[in-house]
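> Predicted model follows, preceded by the sequence.
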Amino acid sequence: MKKRALAIILTFAICLSALSACGSQVEEAKSEALKSTTAETEKSSESETEETTVASDDGMKELEVLGEVNVDKGLFNVTLNIPKDFVGEATQKELDELAKEKGYKSITLNSDGSATYVMNKAQHEELLSGIRDSINSSLQEMVGSEEYPNITKIEANDDFTSFTVTTKNQEPDFSESFGILALYMYGGMYGVFSGNAPDNVHVDFVNADSGEVVSSSDSRDISS
């Protein structure tokens, strides 16, 4: 496994899993990552609200790495059901403290180890903004790096369901081919936390000299 591609996936996973607060150094790092993506916002109205639900399980097929997602946009609040793999060993007390610190309405530890976060829509948008920044930063770090020396540019659409990778190669080399998995992961994870899990993430490789598409890949084509 190529170290750089693995590092990218792990970095983004840590950013997202920062929704939990735990006692270990890893979980503390997650909490710090969340702090950088969530701004202080006013607490949500106590008026009657509808809530958005983002549900996720442990599936690892294609973009189902975080499970199926069902979303209903609410008027004031957003409810995120975070899988236990992202919650870690957090206790209810720790989650209560995190909710108070971040100004969330509540964080509830469920019997299956998952946690239900309730935040207002402004806080949710701040979280997504931080995730977008994290993805774009990681993409820029890939360009011309030691692991991907022939990549000259990576572009993505707004919801990270389509990527265009410009390379000096006539076709993706081993590292670039492996890096496609990171792009799939970015698109899938952003979709889960935005509430719009994609059916597919598309990746085109374009030759830097000719401008022609030399390879195309789709996450939906990954076999189980």
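That came through, no problem. Just so we're clear, the structure is a prediction, and the values are computed from it rather than from any experiment.
> Which parts of the protein are strands?
With DSSP state E applied, the chain shows strands at 51-54, 77-82, 106-109, 115-120, 151-156, 162-167, 202-207, 213-218, listed in chain order.
> weakest of these by average pLDDT?
Mean pLDDT is lowest for strand 51-54 among the strands of the chain, at a mean of 40.
> Show me what residue 117 bridges to in the sheet.
Beta-bridge partners for residue 117, by DSSP bridges, are residue 80, residue 107.
> Let me see the contact set for it.
Contact analysis of residue 117 by Cβ atoms under 8 Å, 6 or more residues apart in numbering lists 19, 79, 80, 82, 99, 104, 106, 107. All C-beta spots, glycine's among them, are computed from the backbone N, C-alpha and C.
> One more: residue 139?
154, 156, 186.
> Can you tell me which of these is closest to residue 173?
Nearest to residue 173 among the contacts of residue 139 is residue 154, at 15.1 Å by Cβ to Cβ.
> Not counting its neighbours along the chain, what's nearest that closest one?
Closest residue to residue 154 apart from its sequence neighbours, by Cβ to Cβ, 6 or more residues apart in numbering: residue 139 at 4.5 Å.
> Residue 106 is in contact with residue 99, correct?
Yes. Contact between residue 99 and residue 106 holds when scored by Cβ atoms under 8 Å: they sit 5.8 Å apart.
> quick one, which of those two is more surrounded?
Taking other Cβ atoms under 10 Å, residue 99 and residue 106 do not tie; residue 99 has more neighbours (18 against 14).
> What's the separation between that one and residue 139?
32 Å (Cβ to Cβ, to the nearest Å).
> Low-confidence bits of the protein, can you list those?
1-75, 223-224 (pLDDT under 70).
> hmm, 90 instead?
For the chain, the stretches with pLDDT under 90 are 1-77, 79-88, 102, 117, 127, 189, 191-197, 222-224.
> so where do the helices sit in it?
Secondary structure of the chain (DSSP state H): helices at 3-17, 25-37, 84-87, 92-102, 121-142, 174-194.
> buried set for the shortest one?
This points to helix 84-87. For helix 84-87, burial by neighbour count (16 or more other Cβ atoms under 10 Å) applies to 84, 86, 87.
> which residues sit in contact with residue 168?
By Cβ under 8 Å, 6+ apart, residue 168 lies in contact with 150, 152, 207, 208, 209.
> Please report which of these has the highest neighbour count.
Busiest of the contacts of residue 168 [other Cβ under 10 Å] is residue 207, holding 16 neighbours.
> ok, the spatially closest residue to that one that is not a sequence neighbour - how many residues close by?
Spatial nearest neighbour of residue 207, chain neighbours left out: residue 214 (5.0 Å); criterion: Cβ to Cβ, 6+ apart. Neighbour count for residue 214, taken as other Cβ under 10 Å: 15.
> Just want to check the distance between residue 119 and residue 142.
Distance of residue 119 to residue 142, computed by Cβ to Cβ: 31 Å.
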